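*Asks:* sequence first, then the predicted structure, then my questions.
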Amino acid sequence: MQPTSLAVEGTLCAESAGRPTEAKLGPVTTESDEQAVFRLLAQQVGQRSYQNWFAGKVSLKLEANLLIMGVASPFLLTWMQKKFSSEINATAIACIGPAAEYRFEVDPVLARQELSSKGQADAARVTAETADRKSLTNSDQKSERIDGGHKPTQPAPYKGRRFADLSTFITGKSNQLAYMATQQASEQPGALYNPLFIHGGVGLGKTHLLEGFYRKIRQQYPSLQVVFLTAESFGNYFSKALQERSLPGFRQRFRNVDVLIIDDIDFFESKHNFQEELLHTIKHLESHGRQLIFSSDRHPRLLTKMSEELTTRFLSGLVCRVESPETELRLQIARQRALQLKTPITDGALEYVARRFSHNVRELEGAMNCLQTWHVMTKQKITTTMARQVLADLERDCIRIIKMDDIKQIVCTTFGISEADLKSSRRSRNVSQPRMLAMFLARKLTQAAYSEIGDFFGGRNHSTVMFAEKKVRQWLKNQDSIRVALQDWSTEEIIESLEQQLLAS
Ligand SMILES: Nc1ncnc2c1ncn2[C@@H]1O[C@H](COP(=O)(O)OP(=O)(O)OP(=O)(O)O)[C@@H](O)[C@H]1O
């Protein structure tokens, strides 16, 4: 099976429903799980092949979304991989869910059994032939040779995705609402906020919330079928199903879940086929009271290349925004990270990191990782001076070069206007407001002079740009609203959304 490019995880099939989630993370322990997998496998490969190759000859383990099939030798591993890949893939999907993966490995127990029975058979044969002391020596030698040639490989440690937990999510003013909504929705899936739509800029904790939600549901409701994947993975599965003419199977998989969690739904912008399929999936799941949860880099209304029908579905539940973390929150996250990484660090250094890495928690975590590496190398406690020196390069990398062209594109896309309009002399509000915002952002985020900006946005003079800058400041001060995609937004919200898109671009 081709592992999906993005980390995804599915759940167990109906046969294993009712069993605690944790059982899924270890070896298959209950008979019914194992039997269910073997039964499906027999259906896939046919009874004859099943008896020849699987019955009593392979072992099974389930680790998260991974089905591990143990075999007795490297030779068998290669052979079975070649011969039964698609059948085992289908079995894994049927048992674990659409995001299932599988892997073969040499099972040391089976390998030992095979070697000793082979050794015994050889010994018996040689004993019968020579009936003397030599036969035993031969069999020992043969056994040793085989052992050397087929040395069972140790199972590789599982490196699958580890899902974040809600308990490690630190809350503050900027993410409180999204956190509370996620918590509450996980208490009663399908009953409260449906769909729950979480949006916000890059690296602000949306995936963390979704993963925490997933984990909590799995702990509290182990019998529910929960699927968590990215929009890109959903699209990949859909394209594959289209190519292989297996749409009914695809629909059966996604429309029979109790909880569907899709990360980065903005990926579907301009992808009409995917949008259509998702819309029908949502309609079906909602009509059956199933819980849906999505994340996106923007508010549904600002996903201007999404169909109106889909947008209204997103809006019909609860939409929560995760904002850039305030200083206090960044400080707490930095402190938690230092504890996790066992990095001794002064309060001053923590404050320095929290102050410098302000846009994005992921970058802040990256900074803490750098400091930890430095501590491991030098065995010294991290002080403010040291943090400043170590992070100098990282800080430089965090400064993104934003061009006026980027601003032009993102403003046009967000407001749904053409480039020609933005640069035109039209003064209607729906064009002049985005133009002024674009000039304001160009002043704020680029090094360009007033005259250059004026020139770029339609050959205007420097005083026009100064006026635009002043005007936007006024809107911010007065908390004026701006109309985008049929809805009024605070100026602050729009500027933040535009900046986030620019920083992520
Ligand atoms: N409030 C928080 N408390 C603890 N950790 C956090 C918090 N917010 C973000 N993080 C951590 O920051 C990192 C980035 O978060 P995450 O991947 O969830 O961001 P995201 O909003 O999904 O970003 P993207 O839009 O790029 O997918 C993760 O390691 C996450 O655990």
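*Replies:* Happy to help now that I have it.
*Asks:* just the element for Ile68, please.
*Replies:* Assigned by DSSP states H and E, Ile68 belongs to strand 66-71.
*Asks:* quick check: the residue of the stretch 301-450 of the chain nearest the ligand.
*Replies:* Minimum separation of the stretch 301-450 of the chain from the ligand (Cβ to the nearest ligand atom) falls at Val361, amounting to 3.5 Å. For the C-beta atoms, the positions are set from N, CA and C on the backbone; glycine is no exception.
*Asks:* what is the neighbour count of the residue nearest to that residue when sequence neighbours are not counted?
*Replies:* Spatial nearest neighbour of Val361, chain neighbours left out: Gly203 (5.3 Å); criterion: Cβ to Cβ, 6 or more residues apart in numbering. Using other Cβ atoms under 10 Å, Gly203 has 22 neighbouring residues.
*Asks:* residue contacts, Gly203?
*Replies:* The contact partners of Gly203, by Cβ atoms under 8 Å, 6 or more residues apart in numbering, come to 359-363.
*Asks:* so it: helix, strand or coil?
*Replies:* When classified by DSSP: H, G, I helix; E, B strand; the rest coil, Gly203 comes out as coil.
*Asks:* also the one 10 residues further on?
*Replies:* Using three-state DSSP, the secondary structure recorded for Phe213 is helix.
*Asks:* is it in contact with Glu187, as I believe?
*Replies:* No: using Cβ atoms under 8 Å, Phe213 is not in contact with Glu187; the gap is 10.6 Å.
*Asks:* tell me which of these two has more neighbours.
*Replies:* Phe213 (27 against 11).
*Asks:* tell me how far that one lies from the ligand.
*Replies:* For Phe213, the distance to the ligand equals 12 Å [Cβ to the nearest ligand atom, to the nearest Å].
*Asks:* quick check: residues of the stretch 51-200 of the chain near the ligand?
*Replies:* For the stretch 51-200 of the chain, the contact set with the ligand under Cβ under 6 Å from any ligand atom comprises 164, 168-170, 175, 200.
*Asks:* just the buried residues of those.
*Replies:* 164, 169-170, 175, 200 (16 or more other Cβ atoms under 10 Å).
*Asks:* hey, which helix or strand in the protein has the poorest pLDDT?
*Replies:* Using mean pLDDT, DSSP states H and E, the weakest-scoring helix or strand in the chain turns out to be helix 133-149, at a mean of 33.
*Asks:* quick check: next helix or strand after it?
*Replies:* Assigned by DSSP H and E, the successor of helix 133-149 is helix 176-187.
*Asks:* in the stretch 51-200 of the chain, what residue lies closest to the ligand?
*Replies:* Closest point on the stretch 51-200 of the chain to the ligand, by Cβ to the nearest ligand atom, is Ile170, at 3.8 Å.
*Asks:* rewinding a little: what score does the residue of the stretch 301-450 of the chain closest to the ligand have for pLDDT?
*Replies:* We have a pLDDT of 90 for Val361.
*Asks:* for Thr413, same thing?
*Replies:* On the pLDDT scale, Thr413 gets 89.
*Asks:* and what of Ile282?
*Replies:* Value for Ile282, per-residue pLDDT: 95.
*Asks:* thought it was touching Pro195?
*Replies:* Yes: applying Cβ under 8 Å, one finds Ile282 in contact with Pro195, separated by 7.1 Å.
*Asks:* overlap in contacts of the two?
*Replies:* In contact with both Ile282 and Pro195: 292, 313, using Cβ under 8 Å, 6+ apart.
*Asks:* can you name the two of the residues of the stretch 51-200 of the chain next to the ligand that are farthest apart?
*Replies:* Thr168 and Gly200 (18.0 Å; Cβ to Cβ).
*Asks:* hmm, back to that, who are the contact partners of the residue of the stretch 301-450 of the chain closest to the ligand?
*Replies:* Contacts of Val361 by Cβ under 8 Å, 6+ apart are 203-205, 325, 330, 333.
*Asks:* can you give me the strands for the protein?
*Replies:* 59-63, 66-71, 101-106, 196-200, 226-230, 259-263, 291-296, 318-322, 481-484, 487-490 (DSSP state E).
*Asks:* sheet partners, orientation included, of the third one?
*Replies:* By that I understand strand 101-106. Partners of strand 101-106 in the sheet, by DSSP bridges, are strand 66-71 (parallel).
*Asks:* by how many degrees do the partner strand and strand 59-63 diverge?
*Replies:* 160 degrees (axes from the mean of the first three to the mean of the last three Cα atoms, to 10 degrees).
*Asks:* now strand 66-71: average pLDDT?
*Replies:* Here the average pLDDT along strand 66-71 is 83.
*Asks:* just stretch 427-445 next, same as before
*Replies:* 93.
*Asks:* and if you look at stretch 319-338?
*Replies:* On average, stretch 319-338 scores 93.
*Asks:* show me which positions of stretch 450-467 end up buried.
*Replies:* 450, 453-457, 460, 464-465.
*Asks:* got the contact list for that stretch?
*Replies:* For stretch 450-467, using Cβ under 8 Å, 6+ apart, the contacting residues are 404, 408, 422-425, 435, 438-439, 442-443, 446, 448-449.
*Asks:* just the buried ones from those?
*Replies:* The buried subset of those - by 16+ other Cβ under 10 Å - is 404, 408, 422-424, 435, 438-439, 442-443, 446, 448.
*Asks:* return the member of the residues you listed nearest to Cys95.
*Replies:* Closest approach to Cys95 among the buried ones among the contacts of stretch 450-467 (Cβ to Cβ): Lys408, at 50.6 Å.
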